[in-house]
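Visitor: take this sequence and fold it.
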Amino acid sequence: MSETDLSRNVRAKLEVLGVWCIRIQSGRFKGGRVRGAENGTPDILCLATGITWWIETKATTRPSEDQLKWHNRARRLGHRVYVVRSTDEAIAAAKMEMGIQ
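Guide: Numbers count the residues shown, from 1 in each chain. Predicted structure coming up:
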């Protein structure tokens, strides 16, 4: 499964749980003319009632140095960032955040 497919599947599964999933595009795209979020920004911003967290989807690779720096900076500020390799891992993170068993 590609990382794009994983991200799409994660968002679909979390939305069933009532999570608002916002796909974040980082880096440059459209031939370098358009700039997205800063390098290292996770793929998905997740919002549920009164809580937010971030999800980085990784199908086969490891997080890049920019991603690790971003994750560590966010965590130092009290934000939660999860690196997931499957929809099951994303669902487990969401349930933990939402206090669902």
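Visitor: now name the helix or strand holding Leu68.
Guide: Under the criterion of DSSP states H and E, Leu68 resides in helix 65-76.
Visitor: how far does that helix sit from its chain's centre?
Guide: Remark: helix 65-76 is offset 13 Å from the chain centroid, using C-alpha atoms, centre = their mean, to the nearest Å.
Visitor: can you work out which other helices and strands pack against that helix?
Guide: In terms of contacts (3 or more C-beta pairs under 8 Å, 6 or more residues apart in numbering; DSSP states H and E), helix 65-76 is packed against strand 51-57, strand 81-84. Heads up, the C-betas are built off the backbone N, CA and C, glycines and all.
Visitor: and with 7 Å instead?
Guide: strand 81-84 (3 or more C-beta pairs under 7 Å, 6 or more residues apart in numbering; DSSP states H and E).
Visitor: list the strands paired with the strand it packs on, with their directions.
Guide: Strand 81-84 has the following strand partners under DSSP bridges: strand 51-57 (parallel).
Visitor: what angle separates the partner strand from helix 65-76?
Guide: 160 degrees (axes from the mean of the first three to the mean of the last three C-alpha atoms, to 10 degrees).
Visitor: any idea of the mean pLDDT for strand 51-57?
Guide: Mean per-residue pLDDT for strand 51-57: 97.
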